[in-house]
Structures are given as structure tokens and as C-alpha cells.
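**Student:** how does the following fold in three dimensions:
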Amino acid sequence: MKRFAAFAATLLITVSAFAQAGGYQLGEKVADFSLKDGSSKATSLSDFGSNQTVVLVFTNNNCPYAKLYEKRLVSLANAYGSKGVQFVFINPSVGSGDGSETLADMAAKNYSFPYLADEGQKVSGQFGATKTPEAFVLQNSDGGFVLKYKGAIDDNPQLESGVKEFYLKRVLDEVLANKTVTTLGKRPTGCLIKKY
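**Tutor:** Numbering: from 1, shown residues only. Predicted structure coming up:
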């Protein structure tokens, strides 16, 4: 019995450590990936090789936090698009089998930037995304992309007018100016990504 308890404790510690260290770490080069949008058109990360910066936002259509952040994120995408920043929304909930998210729901959004389905959650797993919405800022470096930030968009998901810390905006300004990123990963507030 003692052996089993010791084994269970060791396993729990190992699993916890793996979960916390999951996904790309800041400063790491990320691998290219390809996902389809609501119209089944494939888009790859490498398609944005001419952009200085790519912002991946893991989000979905049903999370209340994602709905609260949608307008803010679309505004940021519009404001930074002319500065060489490409936004990409990625939905890790499509194809989950519970019937809550469909490609048709995604196609109905009609954003001015790609909205891609992470069916099978391969990409969200590679990045270690745990919540929706969660942002990942990638800087173009030597023909590939390096992770510069991951986490929260700002410090007030409920009320846009109450935001005091604009994490994502600050990181974008620093990356575009080739400055050191001073905002390290901030824990996102949102809906847990259900693994299936």
C-alpha cells in the first residue's frame, strides 16, 4: 500500500510539472502548422513570413470571456494590421463531438483575418494554450517565428473601460520597436479549453 501511495504521489507531481511546462516557452522557435478555416481553406503560419509579427489568439464562439474580448481584439487587429502585425484566431473547440462548435459558426464570424479550426487540438497542445481567449505573440526571426509573449490580453476581462494594464498592446509596441519585451507571460482569464 505504501508503494502504491508513493507511486501515485510521484505520478501526480510528474503530471503537474509536465502540465505547467507544456507548450512552447518564451524565446523558443515555433514550428509551422496548417489549419483550415470555416470554408475549409487551409492557412499555414509560414503564409505570414512577410509579417514582422503574428498574434495567435485561441478563442471560440461560446465562451463568455471570448465574447467580452472579441471587440477589443478586432480593434487591435485593425489598429496594428498596417504596422505589419497579422492576427489569427484559432478555435480549439471545433470537432469536440459535443455539438457546441461547428465550422459554419466560424464562417459566420466573417473576420478580416483568418479564423482557423484546431480540430484535434494539435496546435493548441503545441502552444500549451489552456484558456479562451489566450494570446501568443510571435516575432519573425531569421525565416521563422519566435514566441515573445503568451497569456492575457489585458487586466480586466469584464469591463474594457476599466483596463489599467494593456499587456498585449504593450508587447506589440515593444516587439515592433525591437525592444526587450518587459511583460512576460500573464495568466489568462477565460474558459478552460476542454481536452478531448
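**Student:** in which helix or strand does the residue nearest to Gly38 when sequence neighbours are not counted reside?
**Tutor:** If you skip the residues right next to it in sequence, Gly38 has Ala107 as its closest partner in space, 2.9 Å away by Cβ to Cβ, 6 or more residues apart in numbering. C-beta: built from backbone N, CA, C; applies to glycine. Taking DSSP states H and E as the definition, Ala107 sits inside helix 103-109.
**Student:** can you list the residues that contact that helix?
**Tutor:** Contact partners of helix 103-109, identified using Cβ atoms under 8 Å, 6 or more residues apart in numbering, comprise 36-40, 61, 91, 94, 115, 117.
**Student:** immediately after that helix, which helix or strand?
**Tutor:** From helix 103-109 onward toward the C-terminus, using DSSP H and E, the following helix or strand is strand 115-117.
**Student:** sheet partners, orientation included, of that next one?
**Tutor:** Partners of strand 115-117 in the sheet, by DSSP bridges, are strand 34-37 (antiparallel), strand 85-91 (parallel).
**Student:** among those strands, show me which one is buried the most.
**Tutor:** Of those, the one with the most neighbours on average (mean count of other Cβ atoms under 10 Å) is strand 85-91, at a mean of 24.
**Student:** what residues does it touch?
**Tutor:** Residues contacting strand 85-91 (Cβ under 8 Å, 6+ apart): 35, 43, 48, 51-61, 73, 76-77, 80-81, 101, 106, 111, 113-118, 123-124, 172, 176.
**Student:** rewinding a little: I'd like the strands paired with strand 115-117 as CSV, with distance to Gly27 appended.
**Tutor:** Shown next, in CSV, are the strands paired with strand 115-117 (distance: least, Cβ to Cβ, whole Å):
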stretch, distance to Gly27
strand 34-37, 24
strand 85-91, 19
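**Student:** nearest to Tyr24, of these?
**Tutor:** Shortest separation from Tyr24 across the strands paired with strand 115-117 is recorded for strand 85-91, at 14.0 Å, computed as Cβ to Cβ.
**Student:** now the closest one: how far from the chain's centre is it?
**Tutor:** Offset of strand 85-91 from its chain centre (Cα atoms, centre = their mean, to the nearest Å): 8 Å.
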